[in-house]
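**Q** Could you look at this predicted model? Sequence included:
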Amino acid sequence: MDNCKYVRPFEEAFSLKTVNEEADRCLLCLDAPCSKDCPAGTDPAKFIRSVRFLNYEGAAETIRSNNPLGAICARVCPTERYCQKGCSRSGIDHPIDIGKIQQFVTDYEAAKGMVILEKGKPNGKKVAIVGAGPAGLTAAAVLLQKGFAVELYESHKEAGGYLRYGIPEYRLPNAIVDSEIKRIEDLGAIFHFGVTVDQKKIDELKLHFDAVCLALGASKGKMLPLFAGAKNVITAVDFLAKTKMAKGDIQIPDNVLVIGGGDVAMDTVTTLKLLGVKEVTDVVYETFAEFKASKKELQGAQKLGVSILDGYVPTKVEGNTVYFKHRTKESELSVKADLIILAVGQCTELGNISEITLTKGEAKGQGKVFVAGDIAPGEKTVVYAVRSGKLAANDIAMYLEGK
Amino acid sequence: MTKKDLSITFLGVKFPNPFCLSASPVGNCYDMCAKAYDVGWGGVVFKTIGFFIADEVSPRFDKIGKESTPFIGFKNMEQIAEHPLEDNLRDIKRLKKNYPHQVLIASIMGANEKEWEDLARLASEAGADMLELNFSCPQMTSHAMGSDVGSNPELCKKYCAAVRRGSKLPFMAKMTPNITDMVPVAKACLEGGADGIAAINTVKSICSLDLEKHIGMPIVDGKSSISGYSGKAVKPIALRFIQQMRQAIPNVEISGIGGIENWVDAAEFILLGAKTLQVTTGIMEYGYRIVEDMKNGLQHYMEDQHVDHLEDLVGLANKNIIPAEELDRDYKVYPNIDLNKCIGCGRCVISCYDGAHQAMEWDKDTRKPKCNHDKCVGCLLCGHVCPVGAISKGEIEFKKGRQGKRKKEDIIL
């Protein structure tokens, strides 16, 4: 496969000129809606104003001091659902492209070699974090700034979780993931890789640490029972991981069926197209009116020529042909494909971890154990992982310092 | 298609339209001026000629922008023509021969009476239609020339008289704005024999600095100099000087210069009394082609104003600029907020609080402003900052006991 389109950014970044033009479009609102709508607490109104008045370094401080994964969120956040949703500029034409301004600012920060986050004065307390995905990394950064010693336990060989193994290279290059992790490492984080954590390990961590944060992601792609016996079926999570690890250098047949309509499905179909797959058909349970994926990602996929059929449920699988029925209309569909990718949701692999109690689908830790990431309440997006990492870190600090 | 006649007679010379290149880098040789004529400029002021041959620095320009507008103001260190005098005179001759119907003005600059007289004679012999005396270049390397002369009325008068001796052509004196009051200089020039005034030349400036090297821009081997500032940013200064001259010297004929780049700028200069208009910075940024929209836009404005002769617009606004002490201070105008247009950014509230009188109130739930008339002084800063033009002039209220017999509807807003 030709991987060059896959490893290049899908969208051109702002230059100094275009970022200034975009910042000039900002109306510099009195009570800016953008600054009230970020799950991670970002203050776009403040950093856009800094850009407007040529203070790029101040803008970087605003972003970084709030969000240790600022350069990542800039690239992957579905901003249309959050900060950009209430943008006053929409009253004139279209919202400010906040994500891209944030990307410019964090690129500027990197180019300047700025070090914004500072290690706190050691307070003699130690926290173990299980999972080095966005939630665990964020919790680590917050705790390290507060003076805690932090060790992270990760089952993979490298840190990043879904950032490294899920989000495609054209949206989030692993070089960016590396540099963001490096910042947290520089704060003093200690990583232990290839460690699978079960209840026994948690008990051990509880003995050696003052607190434990379980920052687990929904890393396992769901399979549908209907496809249990079918051949050439993989989950989108596995497909995206395989592709990203190989930098797009993988063999894929020319005719692929994707089932699912969330952001992961959009990443999957876009990846397939960028890798040069001729026939990419995406069949989605939701109709376009109910679509889950961000509009930007949907439009990107459509531009690349993905056939998207909305409102269909799979009913039968025969060999490599999948039969569908429309949910409301009298319409049937069958798609024959050489590869079937299921993007129908993810789940967590909690195994025998009894430390976590599940109530109404929300996970909660017990005693000195805290919860963050996809297992914590809230949407399953990177920005929510950052939010839950910050919240868990603050809870841990409160618990250990009583303030 | 508008067909309004843009021709105008200035100092007895008929211009096909009022738009001219000013004496500057944009009219530096035959080819440039010929192209400008071809594109439709009504006249050219050929770059100032003299016995002095300029020896220029590199680089020689700087600019100042605001937000994403790169060229609000422009700084230029060029002096007068770099080519030998004979070459310039030859170009003037050739231009007049090939473009007999467009106006050619020779800008001249001498260092003493004899030079002024000789240059006037030489330019006349070369075929120029008119002369412009450059008393105003702020970056000359000789203090016997340029704005040092232009701020000295006696010297200007003497040099005008010298030019009159050397030529029968109509001529205008080009003023420097680097002076508190331009009127005494303009009057001295007219007394010395000048037929009209050109204003303004550039404003002495330092445009920007290199923050790393601690040097003004542009940097010439580690140093820089004060030099002339032009472009849109100087337009208000030019308009003010023109108004003051028109007020002090009734019916003085003026060629307006200073930040003109579209028909609106042109109309403003004309309404304040300029008969012809000169442009450099706009051309340096966008090219000679800008004259197309200036001409066409001005023609449409003439249609809207129901005038057939450009002359009819000249100076219409002069009478409406009066001393501050004579303005009506008996009433205030409240802002009228169009809530359908308002997009709820709250900029009016910020500016009213931080820059005015804390009268604009904010409804946090609806995200809409409301003016508290008890606090509002009617300054209308809110209208200037509104990004969607939702705030206009609204209700008039007379200050207590000051209405007299006047009616609100008679107030011109």
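**A** The structure has been received and is ready for your questions. Numbers count the residues shown, from 1 in each chain, chains lettered A, B, ... in the order given.
**Q** residue boundaries of the strands in the stretch 151-300 of chain B?
**A** B:171-174, B:196-199, B:203-205, B:209-210, B:215-216, B:227-230, B:254-257, B:274-279 (DSSP state E, counting those that start in this stretch).
**Q** ok, and the closest non-adjacent residue to B:Glu191?
**A** The spatial neighbour of B:Glu191 that comes closest, neighbours along the chain excluded (CB to CB, 6 or more residues apart in numbering or on different chains), is B:Lys157 at 5.7 Å. Glycine gets a C-beta too; all of them are placed from N, C-alpha and C.
**Q** What number of residues are in the vicinity of the one you found?
**A** B:Lys157 is flanked by 20 other residues according to other CB atoms under 10 Å in any protein chain shown.
**Q** The longest helix along chain B relative to strand B:274-279, how many degrees between them?
**A** Longest among the helix segments of chain B by residue count, using DSSP state H, is helix B:290-305. Here helix B:290-305 points in a direction 150 degrees away from that of strand B:274-279 (axes from the mean of the first three to the mean of the last three CA atoms, to 10 degrees).
**Q** avg pLDDT for helix B:290-305?
**A** For helix B:290-305, the per-residue pLDDT values average out at 97.
**Q** ok, then the element right after that helix?
**A** Sequence order places strand B:331-337 as the next helix or strand after helix B:290-305, per DSSP states H and E.
**Q** What strands flank that next one, and is each parallel or antiparallel?
**A** Listed by DSSP bridges, the sheet partners of strand B:331-337 and their directions read strand B:391-398 (antiparallel).
**Q** Next, B:Ile64: phi, psi?
**A** B:Ile64 adopts backbone torsions of phi -130, psi 140, taken as degrees, to the nearest 10.
**Q** separation between it and chain A?
**A** Shown here: B:Ile64 relative to chain A, a distance of 13 Å by CB to the nearest CB, to the nearest Å.
**Q** Point out where the chain drops to low pLDDT.
**A** Let's take chain A. Under the criterion of pLDDT under 70, the regions of chain A flagged as low confidence span A:1, A:357-366, A:403.
**Q** Correction: the question concerned chain B.
**A** Under the criterion of pLDDT under 70, none of chain B is flagged as low confidence.
**Q** Show me which residues of it sit near chain A.
**A** If contact is defined as CB under 8 Å from any CB of the partner chain, the residues of chain B in contact with chain A are B:67-68, B:343-347, B:349-350, B:362, B:364, B:367, B:387-388.
**Q** show me what contacts residue 112?
**A** Reading this off chain A. Counting by CB atoms under 8 Å, 6 or more residues apart in numbering or on different chains, A:Lys112 touches A:57, A:60.
**Q** ah, I was thinking of chain B
**A** Per CB under 8 Å, 6+ apart, neighbours of B:Asn112: B:Ala144.
**Q** same deal with the one 3 residues further on?
**A** With contacts defined as CB under 8 Å, 6+ apart, the neighbours of B:Glu115 are B:50-51.
**Q** Name the residues of the stretch 51-200 of chain A found near chain B, please.
**A** Near chain B, the residues belonging to the stretch 51-200 of chain A are A:52, A:88-92 when assessed by CB under 8 Å from any CB.
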